[in-house]
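K.L.:
model the structure of this input:
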Amino acid sequence: MLNKKTITVFEHQALKLGQDIDIDVLKALQKYYGSGDKPYFSLIHNGVRFNEYVGVIQIGDILIEVLPKADKDGNNDKAAWRNILIQMMSAVDLFDIHAPTNSQLKIKPNSILDLYFALFIKEIEYLLHTGLIKQYRKKESNVTSLKGNLLFNKHIQQNLIHQERFYVSHNTYDVEHKLHFILFKTIKLLNKINTNVDLKSKIGSLLLYFPEMPDINVSEALFNKVSFNRKTLPYENAINIAKMILLHYHPDVSSGRNNVLALMFDMNVLWEKFVYCSLKKNKTSESITEQFSKKFWKPKNGYSSQIRPDIVIKSKDYCVVLDTKWKNLNGYNPSPEDLKQMYVYHHYYNAKKVALIYPGKTIKQTIGNYFNPLDKENSDLSDNQCSIVTLSINNTLSITQWQKEIYEHIKMYTYPLTSTSTYSS
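P.N.:
Okay, the predicted model is just below:
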């Protein structure tokens with residue numbers, strides 16, 4: 001298992017049978033495609049094609065890493081794009097790599113999967129070092145002194161001869177509770193599927209020092225019932241990582257060789273969150289809100305529909321609406337659907353300006369105006385302005401510098417009410 005093969009591709013690329021993957025991996029991917037999870041890829045003839053989801057899919061001892069790529073024919077440096085992805089994920093707290101419990105993480109991850117495993121291990125080491133918490137739970141047992149409630153029927157069944165014993169239900173205070181059930185199950189799973197040699201001994205140590213716990217069935221409902229208080233708050237990071245791993249693991253019940261674990265993330269959502277966090281982190285006096293909904297339409301009988309832009313920036317004398325798009329325009333205009341959407345935002349949010357935010361190789365801006373809808377000749381431009389802002393994907397800066405650069409350029413291009421060039425909608 002530790003002699004893994006890693007296949008690294010970019011989003012929207014394909015893997016073909018014989019060229020990239022063998023028949024076992026293809027069959028596992030085909031089976032996983034129909035499992036009801038989100039469609040991280042599409043099926044093509046003798047292969048699969050990935051879409052806008054990035055991350056990792058582990059199939060047995062094969063690791064498929066899908067990286068983002070903002071430009072179609074530009075930088076193909078996989079290490080650089082992997083670093084960009086990890087920086088973006090850390091900025092939106094998909095994993096908290098700056099927390100005190102994992103600030104000493106020294107492993108150099110070969111993929112996001114390795115990073116999540118290493119972070120989980122570091123969290124469990126921290127919990128073991130500080131001491132596992134205890135909780136009260138109900139327990140049934142045969143005891144030599146009467147305590148709790150006597151379960152009369154079971155007492156008669158089991159103690160007809162041994163009259164010195166009592167079968168009772170009572171409260172006990174120990175480490176055997178739901179949080180530890182989840183963590184122990186995750187440790188055992190990591191021991192089974194880990195392919196990183198540097199993590200093998202650490203996982204073995206966890207199995208040695210973490211108390212044996214009963215096995216449980218995991219589901220979304222189980223994690224929905226988990227709540228944290230002042231005492232259990234240190235468990236939150238570990239439980240969140242455990243949830244991500246356990247709920248995305250699909251065991252191969254037929255042969256047991258091609259178990260699938262997928263940790264994939266929608267780049268459209270990640271890009272939106274990253275731009276929002278960059279603005280929020282560096283803002284001065286303006287108000288910046290995410291996913292700010294307004295009612296848009298309502299039938300006579302029924303529920304109303306809403307519109308919800310990605311980011312709304314407000315100050316005393318202006319409102320700017322931003323919509324992020326993780327795609328490359330390749331020199332073309334935005335789609336009519338995107339421009340129509342921004343036109344609606346102009347009116348419903350009373351916005352001074354709206355802008356579409358794209359990734360790219362360089363920082364660039366194109367400012368355009370919508371045509372005046374009252375002009376029958378269709379030649380008069382209105383004052384309603386829509387910008388196209390391209391932000392450079394910068395791997396040379398630290399995450400803090402990169403986010404500050406994003407804020408400064410969006411502020412420069414979207415806040416001032418100026419116009420230098422136009423395009424038609």
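K.L.:
counting by contacts, list what the host helix or strand of M244 packs against.
P.N.:
Using DSSP states H and E, M244 maps to helix 236-247. Here helix 236-247 touches helix 112-130, helix 178-193, helix 220-224, strand 260-266, going by 3 or more C-beta pairs under 8 Å, 6 or more residues apart in numbering; DSSP states H and E. (Glycine included, C-beta is placed from N, CA and C.)
K.L.:
just checking, next helix/strand downstream of that helix?
P.N.:
strand 249-250.
K.L.:
OK, contacts around V25?
P.N.:
59-60, 62, 258 (C-beta atoms under 8 Å, 6 or more residues apart in numbering).
K.L.:
spatially, which two of those residues are the most separated?
P.N.:
Spatially, the most separated pair among these is I62 and N258, at 8.4 Å (C-beta to C-beta).
K.L.:
on that earlier part again, in strands, which of the contacts of V25 fall?
P.N.:
If you go by DSSP state E, the contacts of V25 have 59, 62 in strands.
K.L.:
in the helix or strand containing M412, which residues are buried?
P.N.:
According to DSSP H and E, M412 maps onto helix 399-414. Buried residues in helix 399-414, defined by neighbour count with 16 or more other C-beta atoms under 10 Å: 399, 402-403, 405-407, 409-411, 413-414.
K.L.:
for these, which one is nearest N333?
P.N.:
Set against N333, the nearest of the buried residues of helix 399-414 by C-beta to C-beta is Y413 (17.5 Å).
K.L.:
part of a helix, is V321?
P.N.:
No: secondary structure of V321 (DSSP: H, G, I helix; E, B strand; the rest coil): strand, not part of a helix.
K.L.:
so it touches V312, yeah?
P.N.:
Yes: in terms of C-beta atoms under 8 Å, V321 counts as a neighbour of V312; the distance is 5.6 Å.
K.L.:
these two: which has the busier surroundings?
P.N.:
Neighbours per residue, other C-beta atoms under 10 Å: of V321 and V312, the larger number sits with V321, 26 against 20.
K.L.:
tell me how far the more buried one lies from E176.
P.N.:
Taking C-beta to C-beta, to the nearest Å as the measure, V321 falls 52 Å from E176.
K.L.:
cool, and M89?
P.N.:
For M89 relative to E176 (C-beta to C-beta), the value is 34 Å.
K.L.:
more neighbours, these two?
P.N.:
M89 (21 against 15).
K.L.:
that one in helix, strand or coil?
P.N.:
Under three-state DSSP, M89 comes out as helix.
K.L.:
re earlier: can you list residues touching both of V321 and V312?
P.N.:
Common neighbours of V321 and V312 (C-beta under 8 Å, 6+ apart) are Y349.
K.L.:
low-confidence regions, the stretch 201-350 of the chain specifically.
P.N.:
For the stretch 201-350 of the chain, applying pLDDT under 70 flags the ranges 253-257.
K.L.:
could I get the full set of strands for it?
P.N.:
In the stretch 201-350 of the chain, the strands defined using DSSP state E, counting those that start in this stretch lie at 249-250, 260-266, 287-290, 294-297, 305-307, 311-314, 319-324.
K.L.:
output the buried residues of helix 399-414 in TSV; the columns should cover pLDDT and distance to P251.
P.N.:
Output for these, formatted as TSV (pLDDT from 0 to 100; distance: C-beta to C-beta, whole Å):
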residue	pLDDT	distance to P251
I399	86	36
W402	90	39
Q403	92	39
E405	91	44
I406	91	41
Y407	91	45
H409	89	47
I410	88	45
K411	85	49
Y413	74	50
T414	72	49
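K.L.:
ok, so of these, who is nearest I357?
P.N.:
I410 (7.1 Å).
K.L.:
how near is the closest one to D338?
P.N.:
Counting by C-beta to C-beta - I410 and D338 are separated by 17 Å.
K.L.:
what's next to the strand or helix carrying V48, contact-wise?
P.N.:
Using DSSP H and E, the element containing V48 is strand 47-50. Residues from elsewhere that reach strand 47-50 (C-beta under 8 Å, 6+ apart): 9, 11-17, 20-21, 26, 29-30, 33, 40-42, 66.
K.L.:
domain parsing for the chain?
P.N.:
What automatic domain parsing lists as the domains of the chain is 5-132+177-267, 135-174, 283-414.
K.L.:
and K5, what does it touch?
P.N.:
Taking C-beta under 8 Å, 6+ apart as the test, what K5 contacts is 61-63.
K.L.:
rerun that using 7 Å as the cut-off
P.N.:
Each residue near K5 by C-beta atoms under 7 Å, 6 or more residues apart in numbering is listed here: 61-62.
K.L.:
equivalent analysis for L247, please.
P.N.:
218, 220.
K.L.:
if we can go back for a sec, buried residues in the helix holding M244, which are they?
P.N.:
Here helix 236-247 shows 237-246 as buried, counting by 16+ other C-beta under 10 Å.
K.L.:
how about those residues in TSV, adding distance to R82?
P.N.:
TSV is the format used below for those (distance: C-beta to C-beta, whole Å):
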residue	distance to R82
N237	22
A238	24
I239	26
N240	22
I241	19
A242	24
K243	24
M244	19
I245	20
L246	25
